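Asks: Whatever this is, show me its structure:
(2 chains)
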Amino acid sequence: MQIHDTPALKAEARNLNFYYGEAQALKNINMPIYDKKVTALIGPSGCGKSTYLRSFNRMHDLYPGNRYEGEIRFFPDNTNLLAADVDPIEVRMRIGMVFQKPNPFPKSIFENVAYGLRVRGENNKRVLDDKVEHALKGAAIWEEVKDRLPEQAPNLSGGQQQRLCIARALATDPELLLFDEPTSALDPIATGAIEELIHELKKRVTILIVTHNMQQAARVSDYTAYMYLGEMLEFGKTDEIFIKPQDKRTEDYITGRMG
Amino acid sequence: MSANNNSDLHQVSNRLAYNAMRNWKERLIEAVLLAAAAVSVLTTLGIVYVLVSESVSFFASVSIVDFLTDTQWTPLFDDAHFGIMVLISGTLVSSGIALLVAIPMGTIIAIYLSEFADSRVREAAKPILELLGGIPTIVFGYFALLVVTPILQVILPGLPGFSLLSAGLVMGIMIVPYVASLSEDAMRAVPMSMREGAYAMGSTKLYTAVHVVVPAAISGLAASYILGISRAVGETMILAVAAGMQPNLTWNPMEPAATITSFIVQVALGDLPHGSIGYQTIFAAGLTLLLITLVFNILGQWLRAKYREVY
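Replies: Next up, the predicted model:
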């Protein structure tokens, strides 16, 4: 799996192992994340793709007993995100995340998007107005909500909520966006809107997306990694992986014979 | 297979027939449940009936205007005055002090236990906290009188031996476990996905707790505060022991004063003849107390509904 026209690296997992207590969930993962590209993580349930994704913004630090080994190098800093002296809060300031189930805060639409800016100490009304509008436009939801910004976010439809969560993540200009099955709770129309959005977003930001949907991986991603039982079996350009998988197990999964 | 066969059809319809036995059992259980619910409702109605009927005869001899505006409460004297504001002031001042202690402390404890404490601390701390809520209030009363008042007298030299301040503070401590425990339950019920969303935005634990978890749990928090208010307004023993029982129209917590509840205790302990005006005052006072708690409960319900919309 030689990749010739290699783009710049945004991040790179090096010999990454992860343990939930005693149970090893990730086994020696080595994988590049290319700058301003969409990388999809596919694989059967329980293969560790969400675990891997959540390592990037150190979400595992929230629960006791979790342990990382190895490195996730983050560029251009060339810093190991998992190092003990790296503050997870600083990491999360630069790496945004969108969850499987839309999780808007019990606040107004405006305050949801302004949340990350307020966390960073921004309280200037003009700046907030500006960035909130920009983020909502970036998430392709501005036209739908511009007249109802003071309304409660949980009153939006599921698809709108998810785009609001994307706007929330975008408002702080993250360098890397993590998507954890962002459309699994949405109908096909809302899913289409989000996929289109991901296409737009990759001009500005690097994206790593976990998905159960093979067509989705094929549609939105530039690179695809196939994971199985905590290992990364195959990584490559999406069209190559889908047309000519090297590993028999990848082929079985993609064609629906397994998983 | 052969749905056209007559005997088959007969069997099927038998299986779908009305099950009289099951239905009868369901009804029996329903009746038992209804009876259990009725006991509490009927008791409440009975209490209200007694309070109202005795109060009606009370108000036949005392005008409502006097009751609400008179500044003296001397129902057992020859020159009897029935100004309930005297007792209400004591109740409101002592409850106010108690809530100034209980609501901030209870909320802070709840935030700590729900968001910061690791599971071992929480498992140990919560039962101990709830134990505090199980201490008889008479014990709190003597604690206020014999420990807290002398300590306060060192800090505030003019403080008399009985005061609303001392009783109110201890009453606040007594209410802390109720507020803390219920608030903690409400905050822990906030889904983890909400917190993860906040953490993923780079917020600290404190920021997440204050800006995401508390707003999400606001209706549960409001419920716990309402319970705290009801406990404070209805509390009797601590006030009877530590606040003195002399009717005193005052808003100054440094003074001794009777509250509605401590007056009722005082009168109920004496031997007043049934039907006398002194005897009827305790029902009028009880009705007032009931109305105050009712007002707070309605206010709480309204606040909950309102905040649920805002958040």
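Asks: Can you mark which positions in stretch A:175-191 are buried?
Replies: Of all the residues in stretch A:175-191, those buried under the rule 16 or more other C-beta atoms under 10 Å in any protein chain shown are A:175-183, A:185-186, A:190-191. All C-beta atoms are positioned from the backbone trio N, CA, C, and that covers glycine.
Asks: Now tell me what touches that stretch from outside.
Replies: A:10-11, A:33, A:50, A:53-54, A:56-57, A:74, A:94-102, A:157-160, A:162, A:166, A:169-170, A:194-195, A:198, A:201, A:205-213, A:216 (C-beta atoms under 8 Å, 6 or more residues apart in numbering or on different chains).
Asks: ok, 7 Å please
Replies: Stretch A:175-191 has contacts (C-beta atoms under 7 Å, 6 or more residues apart in numbering or on different chains) with A:10-11, A:50, A:53, A:56-57, A:94-102, A:158-159, A:162, A:169, A:194, A:201, A:205-212, A:216.
Asks: and that stretch, average pLDDT?
Replies: Throughout stretch A:175-191, pLDDT has a mean value of 89.
Asks: Can you report phi and psi for residue A:74?
Replies: In terms of degrees, to the nearest 10, the main-chain angles of residue A:74 are phi -120, psi 130.
Asks: Beta-bridge partners for it, please?
Replies: Beta bridges link residue A:74 to residue A:11, residue A:79, judged by DSSP bridges.
Asks: Verify the stated contact: it with residue A:11.
Replies: Yes - with contact defined as C-beta atoms under 7 Å, residue A:74 reaches residue A:11; the gap is 5.1 Å.
Asks: Spell out which parts of the stretch 101-250 of chain B neighbour chain A.
Replies: For the stretch 101-250 of chain B, the residues in contact with chain A (C-beta under 7 Å from any C-beta of the partner chain) are B:118, B:193-194, B:196-197, B:199-204, B:207, B:212, B:215-216.
Asks: Quick check: which ranges of chain A have low pLDDT?
Replies: A:1-5, A:258-259 (pLDDT under 70).
Asks: can you map out the strands along it?
Replies: All strands of chain A, identified by DSSP state E, fall at A:9-20, A:23-34, A:38-42, A:66-74, A:79-80, A:95-98, A:176-180, A:206-210, A:223-228, A:231-237.
Asks: What residues of the fourth one count as buried?
Replies: If you call a residue buried by 16+ other C-beta under 10 Å, then strand A:66-74 has these buried ones: A:66, A:68, A:70, A:71, A:72, A:73, A:74.
Asks: which ones are touching residue B:80?
Replies: B:74, B:277.
Asks: ok, now how distant is it from residue B:278?
Replies: 8 Å (C-beta to C-beta, to the nearest Å).
Asks: which non-adjacent residue is nearest residue A:169?
Replies: Spatial nearest neighbour of residue A:169, chain neighbours left out: residue A:96 (3.4 Å); criterion: C-beta to C-beta, 6 or more residues apart in numbering or on different chains.
Asks: How many residues are close by the one you found?
Replies: 27 (other C-beta atoms under 10 Å in any protein chain shown).
Asks: How about it: which residues does it bridge to?
Replies: residue A:177.
Asks: shouldn't it be in contact with residue A:168?
Replies: No - between residue A:96 and residue A:168 there is no contact under C-beta under 7 Å: 8.2 Å.
Asks: gap between residue A:136 and residue A:171?
Replies: Counting by C-beta to C-beta, the gap from residue A:136 to residue A:171 is 9 Å.
Asks: what do those two both touch?
Replies: Taking C-beta under 7 Å, 6+ apart as the contact rule, residue A:136 and residue A:171 both touch residue A:113.
Asks: pLDDT value on residue B:11, please?
Replies: Reading off the model, residue B:11 has pLDDT 63.
Asks: residues contacting residue A:97?
Replies: A:57, A:169, A:178, A:180, B:200.
Asks: mind checking how far it is from residue A:56?
Replies: Counting by C-beta to C-beta, the gap from residue A:97 to residue A:56 is 8 Å.
Asks: can you check residue B:51 too?
Replies: Distance from residue B:51 to residue A:56, counting by C-beta to C-beta: 65 Å.
Asks: tell me the secondary structure for residue B:246?
Replies: Three-state call for residue B:246 (DSSP: H, G, I helix; E, B strand; the rest coil): coil.
Asks: Do you know the pLDDT at it?
Replies: Model confidence at residue B:246 (pLDDT) stands at 85.
Asks: hang on, it packs against residue B:256?
Replies: Yes - counting by C-beta under 7 Å, residue B:246 touches residue B:256, with 6.0 Å between them.
Asks: next structured bit after the helix or strand of chain B with the lowest mean pLDDT?
Replies: Ranking every helix and strand in chain B by mean pLDDT, DSSP states H and E puts helix B:6-15 at the bottom, with a mean of 63. Sequence-wise, the next helix or strand downstream of helix B:6-15 (DSSP states H and E) is helix B:20-61.
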